[in-house]
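# coordinates for the following, if possible.
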Amino acid sequence: MRKFPILVSAFVVAAAASGFCQNRSDWLANLPKEKEYVQKRASSYDRSGGNFDLRRLPAGETLTLLEDSGPGIITHIWITLTNDSPDNLKALVLRMYWDGETSPSVEAPLGDFFGLGLGEYFLYNSIPLAVGPDRALNCFFPMPFNKSARITLTNESNHQVHAVFFNVDYQAYSHALPADLFYFHAQYRQAAIGGERVTTCFSLTAPRPHRSMARVQKIISWEPSALGVPHFPTICLERL
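Here you go, the predicted model:
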């Protein structure tokens with residue numbers, strides 16, 4: 001992934017639209033009903049049956065978190081790391097590929113994807129994204145695919161990440177998904193404006209036809225305010 005000299009990033013919105021919310025009463029009422037999918041999980045669990053439930057990620061290498069054929073819908077992604085380096089949230093790049101595509105539909109630094117745009121851990125809770133204690137990164141955006149899904153994590157730093165823990169939960173279907181389900185896209189953007197102001201943008205989109213769920217823009221000014229201190233970051237959310 002392209003590197004940038006300025007360590008400013010997009011902040012994924014912590015407050016989401018109610019459309020992302022699942023009705024909890026309906027969820028409980030539907031528990032006894034037969035499902036038309038098989039619930040699956042791709043995980044870093046120890047295949048030997050032991051307790052070594054992690055993966056090493058050397059510098060410059062790529063770890064595959066999920067690779068499976070469809071149709072299916074990813075419902076939850078959980079990732080946590082050992083605290084090897086404060087640069088991990090920026091240096092690890094998350095990519096997702098749908099239906100055999102060669103260019104990723106999702107490409108963003110790990111921290112930016114999970115709402116940690118400044119490369120530091122902060123606890124927060126929202127409907128689509130959450131960060132829990134002990135660096136637990138959670139994503140609940142539904143991500144449908146018809147032919148295949150592949151999720152990778154690439155270490156673009158010069159040091160090894162000693163432990164990556166992950167779970168990817170998804171529903172596997174035996175029939176094609178409805179035609180009105182859109183694919184999940186997310187791309188990291190960053191640009192310097194005027195030398196002192198930085199604008200970053202994180203978009204969630206769906207192609208063919210194109211529909212944008214949300215566009216998040218963060219503007220940080222390094223110019224002193226009237227009180228002689230830097231301005232606070234400005235977060236702009238445009239829901240489409």
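# need the next SSE after the longest helix along the chain, C-terminal direction.
Ranked by residue count under DSSP state H, the longest helix found in the chain is helix 24-29. Going down the chain from helix 24-29, the next helix or strand is strand 37-43, by DSSP states H and E.
# ok, which stretches of this structure are helices?
Using DSSP H, helices in the chain cover 24-29, 88-91, 110-113.
# check which helices and strands the longest one is in contact with.
When contacts are defined as 3 or more CB pairs under 8 Å, 6 or more residues apart in numbering; DSSP states H and E, helix 24-29 packs onto no helix or strand at all. Quick note: C-beta positions are derived from backbone N, CA and C, even for glycine.
# next one: the last one
In terms of contact count using 3+ CB pairs under 8 Å, 6+ apart, helix 110-113 is assigned the packing partners helix 88-91, strand 92-98, strand 185-193.
# just the CA coordinates for the shortest one, please, in CSV.
What it means is helix 88-91. Taking Å, rounded to 0.1, in the frame of the first residue of the first chain, the C-alpha atoms of helix 88-91 are listed here in CSV:
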residue,chain,number,x,y,z
ASN,A,88,1.2,-1.7,13.9
LEU,A,89,-2.1,0.0,13.3
LYS,A,90,-0.6,1.9,10.4
ALA,A,91,1.9,-0.6,9.1
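# state the mean pLDDT of that helix.
Helix 88-91 shows a mean pLDDT of 93 in the predicted model.
# that one packs against which elements?
strand 106-109, helix 110-113.
# mind listing residues that contact the top strand by length along the chain?
If you go by DSSP state E, the chain has its longest strand at strand 161-173. If you take CB atoms under 8 Å, 6 or more residues apart in numbering as the criterion, strand 161-173 is touched by 35-44, 53-57, 63, 65-66, 68, 70-82, 84-85, 88, 92, 149, 151, 153, 155.
# for Ser43, what are its contacts?
By CB under 8 Å, 6+ apart, the contact list for Ser43 reads 53, 166-168.
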